[in-house]
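> Fold the following, please.
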Amino acid sequence: MNRASLDKQPHEVASMFDKVAKNYDLTNDVLSFGQDRSWRKQVTRAVDARPGERVLDLAAGTATSSLPFTRAGAYVVPCDFSLGMLREGRRRHPWLPLAAGDATRLPFRDGVFDAVTISFGLRNVQRTEEALREMYRVTKPGGRVVICEFSHPTWAPFRTVYEEYLMRALPPVARAVSSNPDAYVYLAESIQSWPDQPELAAMLRESGWSRVAWRNLTGGVVALHRGTKPE
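From the prediction side, this is the model:
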């Protein structure tokens, strides 16, 4: 199967990411017109990792997203369910403690992390609510969650243009720069079917998180959701 279907069978999604691991960061940079760098900087600010803190970076892929947290002095565990991504991450960053794990069954004890974050990966989890509860479980009381995910532009004319880009322009661009362009067709379809900003916020609250809020980036192309585990 070349492309994971929208029912998100874990082995299919993992296999899809295995095939794009080598050029994944470059492809994202091209397809987002460099905006992904800005989005990830916003994640770094929102997580606000401090020296000595433990940070879990879920769907970390090649672990590029984990580097700002290590530079802040935090102990970071990059975690992903794609072994291909982890192998590429190990090749690039052999000093990081990369871990293989499913977001719905995390291989960590209760309450061990000061912060848990996931960027552009929650959308690919088969059972979103279970993943949110698992993030809650492994976070310390008073700890925080930061979710950066593609969302839905709030201005209707821009939303129309954006959706046209996703379904018409993205596939040919992906064919030019990606080792598995079908994967990016799946990603475009999964963005369109993803809950909007208020819906994801409601799911966070139902999973136990408090002080839930979100901020739109690039007009809502991406949304940054945050929450806190009650003391």
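> After the lowest-mean-pLDDT helix or strand in the chain, which helix or strand is next?
Using mean pLDDT, DSSP states H and E, helix 24-31 stands out as the lowest-scoring helix or strand of the chain, at a mean of 55. Once the chain leaves helix 24-31, the next helix or strand it forms, by DSSP states H and E, is helix 35-47.
> what sits up against that next one?
28-29, 32, 55, 65, 68-69, 72, 115, 117, 119, 144, 146, 148, 215, 217-218, 221-222, 224, 226 (C-beta atoms under 8 Å, 6 or more residues apart in numbering). Yep, even glycine has a C-beta here, placed from its N, CA and C like the rest.
> So which bits of that helix are buried?
Burial within helix 35-47, assessed by neighbour count using 16 or more other C-beta atoms under 10 Å, is assigned to 36, 39-40, 42-44, 46-47.
> Likewise for stretch 212-224?
Residues 212, 214, 217-218, 220-224 are the ones in stretch 212-224 that count as buried (16+ other C-beta under 10 Å).
> Give me the neighbour count for the closest residue to Leu166 other than its chain neighbours.
In space, Leu166 comes closest to Ala188 once its chain neighbours are excluded; the distance is 4.2 Å by C-beta to C-beta, 6 or more residues apart in numbering. Residues contacting Ala188 under the criterion other C-beta atoms under 10 Å number 20.
> Ala188 belongs to a helix?
Yes. Using DSSP: H, G, I helix; E, B strand; the rest coil, the assignment for Ala188 is a helix.
> No further questions, thank you.
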